[in-house]
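Trainee: the amino acid sequence is not available; the structure is as follows:
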């Protein structure tokens, strides 16, 4: 982890504290079911489990996985396909890009837990303490959906009232 990434992570943690949200750091246990799911799911490199999101939350019984990069060029990686622009979920993209990694963690939760939805947030930052989050809703048996209206705001305040926010986007 580079120094800018550490500062971005500190800024995100402070933002979550300011919102009054309880978060769990990379090595902290959020609950045994989610911990087990992250362990059982293939790692970001494709090997045996051992997935460690930078920050985890459980808000209104909805898991939130956050992955952080200290470079705004590594927030998310997309590719063009016959269906248009899609997230690149290759091993390389999952390892190197914040949003792609966060979605990988969300898929682990949906695969190995009772949770039927998860929020995946990739955040890039810079030395000016700016945060650039991209938020996605992942639901079992539904396409991954970008939460564009919150992504364009570049903040995390929607997490404070996540359940109501999700009710209003459906």
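Mentor: Here it is on my side, so go on. None of the values given here were measured: they were computed from a predicted structure. Numbering: from 1, shown residues only.

Trainee: where do the strands of this structure begin and end?
Mentor: With DSSP state E as the criterion, the chain has strands at 23-25, 55-59, 62-69, 78-81, 84-87, 117-125, 131-139, 145-146.

Trainee: burial count for residue 78?
Mentor: Residue 78 has 14 neighbours, counted by other C-beta atoms under 10 Å. To be clear about C-beta, it is placed using only N, CA and C from the backbone, and glycine gets the same treatment.

Trainee: gap between the residue nearest to it when sequence neighbours are not counted and residue 146?
Mentor: Excluding the flanking residues, the one nearest residue 78 by C-beta to C-beta, 6 or more residues apart in numbering is residue 85, at 5.1 Å. The spacing between residue 85 and residue 146, counted by C-beta to C-beta, to the nearest Å, is 10 Å.

Trainee: could you do residue 101 as well?
Mentor: Distance of residue 101 to residue 146, given as C-beta to C-beta: 16 Å.

Trainee: one more: residue 160?
Mentor: Here residue 160 is placed at a distance of 20 Å from residue 146 (C-beta to C-beta).

Trainee: list the contacts of the worst-scoring helix or strand of the chain on mean pLDDT.
Mentor: Least confident helix or strand, the chain: helix 148-151 with a mean of 80, by mean pLDDT, DSSP states H and E. Helix 148-151 is contacted by residues 133, 134, 135, 158, 165, 169 when judged by C-beta atoms under 8 Å, 6 or more residues apart in numbering.
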